[in-house]
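Participant: Quick one: sequence and predicted model below, then my questions.
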Amino acid sequence: MRRYAGSCRFIFNKALALQKENHEAGGKFIGYVALAKRLTAWRNGADTVWLKESPVHPLQQALKDLERAYTNFFAKRADFPRFKKKGQHDSFRYPDPKQIKLDEANDRIFLPKLGWLRYRNSRKTKFSNNWKRARARVQRLHARIGNCRRDFLHKTSSIISQNHAIVCIEDLQVRNMSGSATGTTEAPGRNVRAKSGLNKAILDQGWFEFRRQLDYKLAWNGAYLIAVPPHHTSQTCLSCGHVAKDNRQSQARFECVVCGFKENADVVGARNILSRGMEKLRDEGQNTARARAGCASTARIACEVSGAVRPPATGTRRGESVHAG
Ligand SMILES: [Zn+2]
């Protein structure tokens, strides 16, 4: 292949020298067809017979390259053609795809005079400029999403912590929920695909960060964050206390199968979280009268943060019974 490239370079330079000589002698520009005839003579010439070892089509392409170089020069698109140097853009070109066979399955290519050759497909688009641009775009987008979320979480946690003495949340432990979905060799994970999607959704929502912010901001204001056991908070009837999965008709509807009490399922969950939080405070001998006055709004907030995740930050009050799994 190096020899072929060298032959092409030789032909390009020889034809260029010929053009120059011809021009200096007052002759007209020699077109491709005339040069191609010269090429045939060179290939048969006694001192350049080695040109015959190279396929003729790539040599003809070298002449076409020279012609294009002149055309660009005449059109003032390029400088005057220069002689080619060894080791600079060494290459040759087969013009006819019908002469080439590509066997991608076996990574081999058939080239005239060279036969079958193994090749490595340079599909390394990974670090191409396009790839880098695409990656930069994704990173910018992620940074923007992150900023929006942080902004939202800070505003919301500030408003809640400035207006409430007590906030109750479910003590969902994200480490259990989002623990490695892959599992271990001894206990391979089940529903890996579904679970990893859930992990992403949970962590993506920023609940842990929200809870962390609530925790320290409430502490600044001398208020409490109370984490309560999350079991059945949305399945326990507010009216009769009956616990059943069937009470939860849908994501949004709660209807008690015993007493028929109806309510929005999130409101039911929130009220249960609140009453568990109040219970905990009473157990610790705290006066819950003030908190009770703000019952409705506290419940709403408990509802809003009922997806809270991960073990609490320092200062959160939690019961011993909290071991959500
Ligand atoms: Zn009921």
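Facilitator: Now that the structure is in, tell me what you want to look at.
Participant: Now Arg120, what are its backbone angles?
Facilitator: Torsion angles at Arg120 (phi, psi; degrees, to the nearest 10) stand at phi -110, psi 120.
Participant: Can you give me every residue that contacts it?
Facilitator: Contact analysis of Arg120 by Cβ atoms under 8 Å, 6 or more residues apart in numbering lists Asp107. (C-beta placed from N, C-alpha, C; glycine too.)
Participant: For Arg3, list the residues it contacts.
Facilitator: With contacts defined as Cβ under 8 Å, 6+ apart, Arg3 is in contact with 53-54.
Participant: and it, how far is that from Lys113?
Facilitator: Taking Cβ to Cβ, to the nearest Å as the criterion, Arg3 is separated from Lys113 by 11 Å.
Participant: overlap in contacts of those two?
Facilitator: In contact with both Arg3 and Lys113: Ser54, using Cβ under 8 Å, 6+ apart.
Participant: shaky segments in the stretch 1-150 of the chain?
Facilitator: 122-123, 125-126 (pLDDT under 70).
Participant: Now do the domain split for this structure, please.
Facilitator: Using automatic domain parsing, the domain parsing of the chain gives 2-118, 160-182+194-304.
Participant: Now do the helices in the chain.
Facilitator: 2-24, 32-44, 56-74, 129-163, 174-177, 192-205, 207-220, 265-283, 289-293, 295-304 (DSSP state H).
Participant: Tell me the bridge partners for Val167.
Facilitator: Val167 has these beta-bridge partners by DSSP bridges: Leu225.
Participant: didn't it look like it was pressed against Leu225?
Facilitator: Yes - between Val167 and Leu225 a contact is recorded at 5.4 Å, counting by Cβ atoms under 8 Å.
Participant: Any idea which of the helices of the chain gets closest to the ion?
Facilitator: helix 265-283 (10.1 Å; Cβ to the ion).
Participant: and that closest one, what does it pack onto?
Facilitator: For helix 265-283, the helices and strands in contact under the criterion 3 or more Cβ pairs under 8 Å, 6 or more residues apart in numbering; DSSP states H and E are strand 166-170, strand 224-228, strand 253-255, helix 289-293, helix 295-304.
Participant: So which residues make contact with the third one?
Facilitator: Pointing back at strand 253-255 there. With contacts defined as Cβ under 8 Å, 6+ apart, strand 253-255 is touched by 234, 237, 247-249, 261-265, 267-268.
Participant: Briefly note if it comes near the ion.
Facilitator: No - counting by Cβ under 5 Å from the ion, the ion has no neighbours in strand 253-255; the shortest distance is 8.9 Å.
Participant: Centre of the chain to that strand, how far?
Facilitator: Average the C-alpha atoms of strand 253-255, do the same for its chain, and the two points are 39 Å apart (Cα atoms, centre = their mean, to the nearest Å).
Participant: What residues sit buried inside it?
Facilitator: 254-255 (16 or more other Cβ atoms under 10 Å).
Participant: For Ser91, give me the backbone phi and psi.
Facilitator: The phi/psi pair for Ser91 (degrees, to the nearest 10) reads phi -160, psi 160.
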